[in-house]
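Novice: dropping the sequence and predicted coords here.
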Amino acid sequence: MSAQIVLLPVFILVILSLVVLLWSARTRATVEAGSGPVGSLDLQFLFYILIALTLPLRHADLIIVLLSWVFVVTSFASAGLVSTIDSKQRTLAWRAGAMVLLAMWIYFALRILLLI
């Protein structure tokens, strides 16, 4: 899988992170831990680490890319950039993103440990 295809979701997530950080700084909004933009940034850090590991180890495949896109979509929803959802749905989106990220890490670990 090419680096461009693998890194495109990362670049979009970086832009989202910067927008959320700038918006939060401007409005000084407080968000409870584990939900919304602040909790999403913790997940995004783990996402960035995973992608940074998959590329040099050449374990970035179609499954990682597809799950990356699902994670990006859940990040947009949990950041509140989808205007049709309320705070309860944002929390659900954050949890869905966490589950997708967990699945990505498990998949990556199994590929490394089982030499797949």
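Specialist: Alright, I've got the coordinates.

Novice: give me the distance from the longest helix seen in the chain to the chain's centre.
Specialist: If you go by DSSP state H, the chain has its longest helix at helix 87-113. Helix 87-113 has its C-alpha centroid displaced from the chain centroid by 8 Å (Cα atoms, centre = their mean, to the nearest Å).

Novice: identify each buried residue in it, please.
Specialist: Within helix 87-113, the residues that count as buried by 16 or more other Cβ atoms under 10 Å are 90-94, 96-98, 100-101, 104, 107-108, 111. C-betas here are computed from N, CA, C, even on glycine.

Novice: could you identify the most distant pair in the residues you listed?
Specialist: Spatial extent of the buried residues of helix 87-113 (Cβ to Cβ) is set by the pair 90 and 111 at 31.7 Å.

Novice: residue ranges of the helices in this structure, please?
Specialist: In the chain, the helices defined using DSSP H lie at 3-27, 36-54, 62-78, 87-113.

Novice: dump those to CSV, plus mean pLDDT.
Specialist: CSV is the format used below for the helices of the chain (pLDDT from 0 to 100):
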stretch, mean pLDDT
helix 3-27, 80
helix 36-54, 81
helix 62-78, 94
helix 87-113, 90
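
Novice: spit out the contact partners of the nearest residue to residue 103 once chain neighbours are set aside.
Specialist: Once flanking residues are discounted, residue 103 sits nearest to residue 67: 6.4 Å by Cβ to Cβ, 6 or more residues apart in numbering. If a contact means Cβ atoms under 8 Å, 6 or more residues apart in numbering, then residue 67 has 100, 103-104, 107 as its contacts.

Novice: distance to residue 55 added to the residues you listed, as CSV?
Specialist: Below are the contacts of residue 67 laid out as CSV (distance: Cβ to Cβ, whole Å):
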residue, distance to residue 55
100, 19
103, 19
104, 14
107, 15
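
Novice: coming back round to it: what's the longest helix of the chain packed up against?
Specialist: Contacting helix 87-113 under the criterion 3 or more Cβ pairs under 8 Å, 6 or more residues apart in numbering; DSSP states H and E are the following elements: helix 36-54, helix 62-78.

Novice: many thanks, I have nothing further to ask.
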